[in-house]
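okay, structure incoming, though there's no sequence with it:
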């Protein structure tokens, strides 16, 4: 890109990107989605809404960077945070279920992890990200350890989340 104007006029994403495929799938099935993001800081919501026409299926999202927001806005149980922490499969599941419930959507996505470079512990390394998808088929959570710098970890987390949403939606019976 030569300058900011060129960037603003460019199509950042192309129709072969995963967010377009997920968007087409959600629109075709008449399903809605909302995202609860911690370490990705809204990147997943941003990718979903980069697709023209996404207002047909994206209902909203919450960037829940603090435990207080996870509890107050997503319904994550304080007992869960006390027992296993914010970066856990349990928290990711409660985030996905909470955003789905709160936004009244068909699909909820929860992402929590450690993008780095700091914040790691012996049991929770940089790159550890739990991603959850909740819907009519129940809640699924994956444990992931991504490699790279902060931005690479965040991007990989959103790629995995989009893949999970695609697989999850493909497994649903058609919405009546």
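Alright, I've got the coordinates. The structure presented is a predicted model; accordingly, all values stated were derived computationally and were not measured.

run the chain-centre distance for the helix ranked longest in the chain.
Using DSSP state H to define each element, the chain has its longest helix at helix 150-170. Centroid separation for helix 150-170 versus its chain: 7 Å, with C-alpha atoms, centre = their mean, to the nearest Å.

which residues does it contact?
With C-beta atoms under 8 Å, 6 or more residues apart in numbering as the test, helix 150-170 has contacts from 18-19, 21-22, 25-26, 29, 31, 33, 35, 39-41, 43-44, 47, 107, 109, 111, 113, 115-117, 126-127, 129, 131, 133, 135, 137, 140, 142, 144, 146-148. Glycine gets a C-beta too; all of them are placed from N, C-alpha and C.

narrow these to those in helices?
When the contacts of helix 150-170 are checked against helices (DSSP H), the matches are 18-19, 21-22, 25-26, 29, 43-44, 47.

of those residues, which pair is most distant in space?
Maximum pairwise distance in the ones in helices among the contacts of helix 150-170, criterion C-beta to C-beta, is 23.7 Å, between 29 and 43.

who has more neighbours out of the two?
Taking neighbours as other C-beta atoms under 10 Å, residue 29 and residue 43 compare with residue 43 leading, 20 against 17.

just to check, the more buried one is in contact with residue 37?
Yes: between residue 43 and residue 37 there is a contact at 7.1 Å, judged by C-beta atoms under 8 Å.

show me the shaky parts of this protein.
Residues of the chain that meet the criterion pLDDT under 70 lie in 1-15, 174-176.

strands along that one, start to end?
Residue ranges of the strands in the chain, as given by DSSP state E, are 33-37, 58-63, 107-113, 128-135, 138-145.

now those in CSV, with distance to residue 93?
Formatted as CSV, those follow (distance: least, C-beta to C-beta, whole Å):
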stretch, distance to residue 93
strand 33-37, 11
strand 58-63, 15
strand 107-113, 7
strand 128-135, 5
strand 138-145, 5
